[in-house]
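Undergrad: 3D model of this:
(4 chains)
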Protein chains: 2
Amino acid sequence: MSHARPTLTDVARAAGVSVSTASLAFSASGPIADSTRAKVLDAATELGYGGPNPAGRQLRSGRYDIVGVVIGDKLKRSFRDPVSVQVLDGLTSALGEADLGVLLVPGVESYVDGEIGVDPLLTSAGMDVAVLIWGAHTSDPRVETLRKRGIPIVVGEGNEVEGSSLVEIDDHGGVVATIEHLTGLGHERFVTITLPFRMGRREGWVDDARRELVDWTPTRHRLDAVLGSGVDLVGIYETEASLVENGAAAMRAILERFPDPATRPTAVVAQSDLLAAGAVLALHEAGLRVPEDMSVAGFDGLDLPWFSGELTTVIQPLEAKGREMGLAVRALLADGTVTRTTMPVELRIGTTTGPPPSAAAPRNS
Amino acid sequence: MSHARPTLTDVARAAGVSVSTASLAFSASGPIADSTRAKVLDAATELGYGGPNPAGRQLRSGRYDIVGVVIGDKLKRSFRDPVSVQVLDGLTSALGEADLGVLLVPGVESYVDGEIGVDPLLTSAGMDVAVLIWGAHTSDPRVETLRKRGIPIVVGEGNEVEGSSLVEIDDHGGVVATIEHLTGLGHERFVTITLPFRMGRREGWVDDARRELVDWTPTRHRLDAVLGSGVDLVGIYETEASLVENGAAAMRAILERFPDPATRPTAVVAQSDLLAAGAVLALHEAGLRVPEDMSVAGFDGLDLPWFSGELTTVIQPLEAKGREMGLAVRALLADGTVTRTTMPVELRIGTTTGPPPSAAAPRNS
DNA sequence: CTGTTAGCGCCTTCAT
DNA sequence: ATGAAGGCGCTAACAG
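TA: As a prediction, the model looks like this:
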């Protein structure tokens, strides 16, 4: 009894045909008589042949039918984040339809003293295209690596990379709509709670120096929209992850910094729904009402079944964005077409925004 | 200007060494003089060589350094489920440490009239090991496919597969502990809300015929534990997904079926925390109190920041389970060792279980 | 420490 | 519709 796995050669011999004919029986990419194919397939079953060896096929064809999906510095974080998850959803289904496999790539191996080590998978795994779901930063070593390997790239969310496809959403427009909604209600003092700025994560109030260091595109776009709107922004609070608890912590910091209801900001623009939800929870904990005492707006349009009320938020088509990236991959693979897509967003007015507490009718202390 | 990507041969020529020496410079798996390596690396940079072609390496070495992770019938569902996500977390990090890539595989291509079509990736993608996170079912075509291809398997959660490694948790013990806790409090009438039974998903009350059709292992283990405990089980409600809304729907069905508080079941054993949380929400919606009017216990030990109070639940070490699967993969790869691990669970008593409403002191209507 | 020699398994011409 | 031949890029085994 032989322990070696049978190869196409063995099958061909057993079926009494040539290797090239046997190959046709599996690939279905050429003319072959039904009877011959049957003979080959029978021989294959007989020998316990499990189909053509992928490595052989890959080497010969130059295609892997695998897409590397780079999802951030930590897989963990991406999995926990419903936003990432929805994008992955759309992406994997669009790729699956084209029979493309998804190889999960952490992207960053290590981040020590600002030195970025690229994950070995990025250097050595076989893939036809790479997708950088959460954008590329300036002089991104991952992009460098992929470039050198000749692997085309699809970037999600900005920091356009020369020669790569790009899929983004109208972050700016979404935030502008939010601000207009709030100023329309009469708000004048704003605070914003932001997503992480860059790979070296931090949590806390942002000063002018730090403000220059925004490298993550969604964060930058959304922040720029607030800054550019001309409203009175009394503080920027940077979080280190887009989670409910970070939003709650941010709100506690806000209440601590602005203890006086009379001068407290009346509207909070959070860069994600989870942050916004956390902020609302912290307000409730502090015995404050939303939106009577403070208005809170989010971003994403997540469905939060446990959230009582409905968040005012910017709905972004997450799954569609993922699908769009998948389509960009397929276009790249089909004929090298580089695409650039901006997806629209929509402001949904919920129950967490309303007129600011009026100075004329202060609430009972 | 040549458009073809340089190969190791080109690099070797440019560096004035043999190909095999050049190979050593990259693989670091053999003795090579630092000066020689430097020469090779310089030549590589010069030519814009991005490292050894994976296909060539794979064919020659017979290793892909890729693990196929089969996560269920729909990627979607797995991403949305915090339980899956945590397991994936642990798994990917354990594999990442060994520089193994994770290839996401849907597993089931189609499910029509009970006919299961295996995803093409499972048939044709290169992988060294496959992990079936959510178990194998009886006469599983995916297992069949992998067998034929000679790919070793790690199964999470039961339905042991001959010759494969297995990682499971003590489902049975966890549910038994829950039941004992509840009977200890004085409960006598139980209902259980279960996870999906099998691939053909359904939602609703379970009759005897349906009860025979449980094929998904965690569901079966947890249900068997209730059935075997001898308590008075007045109903089994099957859900089609482990989500908050399904738990809420289940509870509404329970309240509808048992309108009379005097004969209503007093304790609900849900097979997941999300189902339990949904059940609690539905009770609140109906104006009932937990645990005064009904006790609810879950399973998983999830951290639900939005849930007020704390669920009584069975804590299973999700991430550790994932890591354990990763270790099983590595053992399989290292020397073919087949392992079998059962992870312990722990009952956490929260605020959602308490004594049943006493007949002596009925609540005001 | 470096070079030589052989394929790994497959698919694509091209000829028949 | 089938067969023969060549080579994709690399690395393992061995020899020097």
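
Undergrad: endpoints of stretch A:221-236, how far apart?
TA: Stretch A:221-236 stretches 14 Å from its first residue to its last (CA to CA, to the nearest Å).

Undergrad: so what touches it?
TA: With CB atoms under 8 Å, 6 or more residues apart in numbering or on different chains as the test, stretch A:221-236 has contacts from A:158, A:171-176, A:179, A:183, A:187-192, A:194-195, A:205-206, A:211, A:214, A:254, A:257-258, A:265, A:269, A:271, A:299. From N, CA and C alone the C-beta is placed, and that goes for glycine too.

Undergrad: that stretch: which residues count as buried?
TA: The neighbour-count check on stretch A:221-236 (16 or more other CB atoms under 10 Å in any protein chain shown) flags A:221-223, A:225-226, A:229, A:231, A:233-236 as buried.

Undergrad: that older thread, restricted to strands, list the contacts of stretch A:221-236.
TA: Taking DSSP state E as the definition of strands, the contacts of stretch A:221-236 contribute A:189-192, A:194, A:205, A:269.

Undergrad: of those residues, grab the buried ones for ChimeraX.
TA: Command for ChimeraX that selects the buried part of the ones in strands among the contacts of stretch A:221-236, burial taken from 16+ other CB under 10 Å:
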select /A:189,190,191,192,194,269
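
Undergrad: closest one of the ones in strands among the contacts of stretch A:221-236 to DNA strand C?
TA: residue A:194 (49.4 Å; CB to the nearest atom of the strand).

Undergrad: which residues touch the closest one?
TA: A:206, A:219, A:222-223, A:236-239, A:271.

Undergrad: what is the neighbour count of residue A:252?
TA: 16 (other CB atoms under 10 Å in any protein chain shown).

Undergrad: for it, which non-adjacent residue is closest in space?
TA: residue A:282 (5.3 Å; CB to CB, 6 or more residues apart in numbering or on different chains).

Undergrad: ok, residue A:247 next?
TA: Per CB to CB, 6+ apart, closest to residue A:247 is residue A:278, 2.4 Å.

Undergrad: before we move on, what SS does that neighbour have?
TA: helix (DSSP: H, G, I helix; E, B strand; the rest coil).

Undergrad: does it really touch residue A:242, like I thought?
TA: No: the pair residue A:278 and residue A:242 fails to qualify as a contact (CB atoms under 8 Å) at a distance of 9.5 Å.

Undergrad: find residues that contact each of the two.
TA: Contacts common to residue A:278 and residue A:242, judged by CB under 8 Å, 6+ apart, are absent.

Undergrad: before we move on, which element is the residue nearest to residue A:252 in?
TA: helix A:273-285 (DSSP states H and E).

Undergrad: now that helix: average pLDDT?
TA: Average pLDDT, helix A:273-285: 96.

Undergrad: need the contact partners of that helix.
TA: So helix A:273-285 is contacted by A:81-82, A:193, A:195, A:239, A:242-252, A:254-255, A:268, A:270, A:289-290, A:293-294, A:296-302, A:304, A:307, A:309, A:311, A:313, A:352, B:305-306 (CB under 8 Å, 6+ apart).

Undergrad: for DNA strand C, give me its nearest residue in the stretch 101-250 of chain A.
TA: residue A:126 (13.6 Å).

Undergrad: residue contacts, that residue?
TA: A:58, A:64, A:66, B:54-55, B:58, B:126.

Undergrad: quick one on the thing from earlier: list only buried entries from the contacts of helix A:273-285.
TA: For the contacts of helix A:273-285, buried by 16+ other CB under 10 Å: A:81-82, A:193, A:195, A:239, A:242-252, A:254-255, A:268, A:270, A:290, A:293-294, A:296-302, A:304, A:307, A:311, A:313, A:352.

Undergrad: please tell me how far residue A:159 sits from chain B.
TA: 22 Å (CB to the nearest CB, to the nearest Å).

Undergrad: in this structure that residue contacts residue A:136, no?
TA: Yes: counting by CB under 8 Å, residue A:159 touches residue A:136, with 4.9 Å between them.

Undergrad: show the pLDDT at the closest residue to DNA strand D within chain A.
TA: As assessed by CB to the nearest atom of the strand, DNA strand D sits closest to residue A:31 within chain A, at 2.6 Å. What the model reports as pLDDT for residue A:31 is 78.

Undergrad: can you map out the helices along chain A?
TA: With DSSP state H as the criterion, chain A has helices at A:8-15, A:19-27, A:34-47, A:54-61, A:75-80, A:82-97, A:120-124, A:141-149, A:171-185, A:208-211, A:217-228, A:244-257, A:273-285, A:318-335.

Undergrad: comparing the ones you listed, which comes out most buried?
TA: helix A:273-285 (a mean of 25; mean count of other CB atoms under 10 Å in any protein chain shown).

Undergrad: what angle sits between that helix and helix A:244-257?
TA: 50 degrees (axes from the mean of the first three to the mean of the last three CA atoms, to 10 degrees).

Undergrad: just the CA trace of helix A:273-285, in PDB.
TA: C-alpha atoms of helix A:273-285 as PDB (Å, rounded to 0.1, in the frame of the first residue of the first chain):
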ATOM      1  CA  ASP A 273     -22.400  54.800  16.900                       C
ATOM      2  CA  LEU A 274     -20.800  52.800  19.600                       C
ATOM      3  CA  LEU A 275     -19.000  55.800  21.000                       C
ATOM      4  CA  ALA A 276     -22.300  57.700  20.800                       C
ATOM      5  CA  ALA A 277     -24.200  55.000  22.600                       C
ATOM      6  CA  GLY A 278     -21.600  54.800  25.300                       C
ATOM      7  CA  ALA A 279     -21.800  58.600  25.700                       C
ATOM      8  CA  VAL A 280     -25.600  58.400  26.100                       C
ATOM      9  CA  LEU A 281     -25.200  55.600  28.700                       C
ATOM     10  CA  ALA A 282     -22.700  57.700  30.700                       C
ATOM     11  CA  LEU A 283     -25.100  60.700  30.600                       C
ATOM     12  CA  HIS A 284     -27.900  58.600  32.000                       C
ATOM     13  CA  GLU A 285     -25.600  57.300  34.700                       C
END
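
Undergrad: quick check, pLDDT for residue A:135.
TA: Confidence score, pLDDT, at residue A:135: 82.

Undergrad: neighbours of it, how many?
TA: Around residue A:135 there are 22 residues (other CB under 10 Å).

Undergrad: what sits against it?
TA: A:155-159, A:216-218.

Undergrad: you'd agree residue A:286 is up against residue A:255?
TA: Yes: using CB under 8 Å, residue A:286 is in contact with residue A:255, at 5.6 Å.

Undergrad: residues of the stretch 251-365 of chain A that sit close to chain B?
TA: Within the stretch 251-365 of chain A, the positions near chain B by CB under 8 Å from any CB of the partner chain are A:277, A:281, A:304-307.
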